[in-house]
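**Student:** Everything below, folded, please.
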Amino acid sequence: MNKTKYLIALCLTAMFAWATMGASGCESDADKVSKNISTDAEQFKVLRKIVGINGITDKVEFEVVGRCSYEHDAANQELVLVCKETDTEYKKHTIGLSDNVFFISTQLQNLKVSTYRTKIILKPQNLIPDLDLVTGKQESDNPPSSVTVPPTTEPLKTP
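**Tutor:** Alright, predicted model coming up:
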């Protein structure tokens, strides 16, 4: 009886694995390219122009051009941009949105990405945590207080 249950579980697992692999292989070329462009954008390889437009007045409210990654936080009505300025300098911009302001992100350059392979980027330096060891307080950690409390001379009262 146990052998039958084992074979059934093994067959179900194999069918699930086959279905999962088959479903990922049914991705369209457009979906694969879109994911690869998004991966490149998160690596600051995509030059973008992001424009915020007031839907009532048709006026441009803001414009950002650069190698920027963005996240739209609909719950807080924010657009968060992180833009690469130089090889080691980045700027983060948080833009508040309203019901009548929308944004458009346009890619300004062509990219060569694969329609056959998904781009996966692993950074070993991100796998090792950056730790700071603090062993005790230093004099510079405690700035002098501007309020001086006089010492009490009264004994403590117990209830």
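
**Student:** What residues sit buried inside the lengthiest strand in the chain?
**Tutor:** Of all the segments of type strand in the chain, defined by DSSP state E, the longest one is strand 60-73. Residues of strand 60-73 classed as buried: 61, 64, 66-70 (neighbour count, 16 or more other C-beta atoms under 10 Å). The C-beta positions use only the backbone N, C-alpha and C, and glycine is treated the same way.

**Student:** Present the residues you listed as CSV; the columns should include distance to residue 101 and pLDDT.
**Tutor:** Listed next are the buried residues of strand 60-73 as CSV, based on distance: C-beta to C-beta, whole Å; pLDDT from 0 to 100:
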residue, distance to residue 101, pLDDT
61, 6, 89
64, 14, 91
66, 20, 91
67, 23, 92
68, 18, 91
69, 20, 91
70, 15, 90
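
**Student:** where does the protein dip in pLDDT?
**Tutor:** Where the chain drops to pLDDT under 70, the residues are 1-25, 114-130, 137-159.

**Student:** what's the domain layout of it?
**Tutor:** Under automatic domain parsing, the residue ranges defining each domain of the chain are 1-41, 43-110.

**Student:** So what's the residue count around residue 103?
**Tutor:** 18 (other C-beta atoms under 10 Å).
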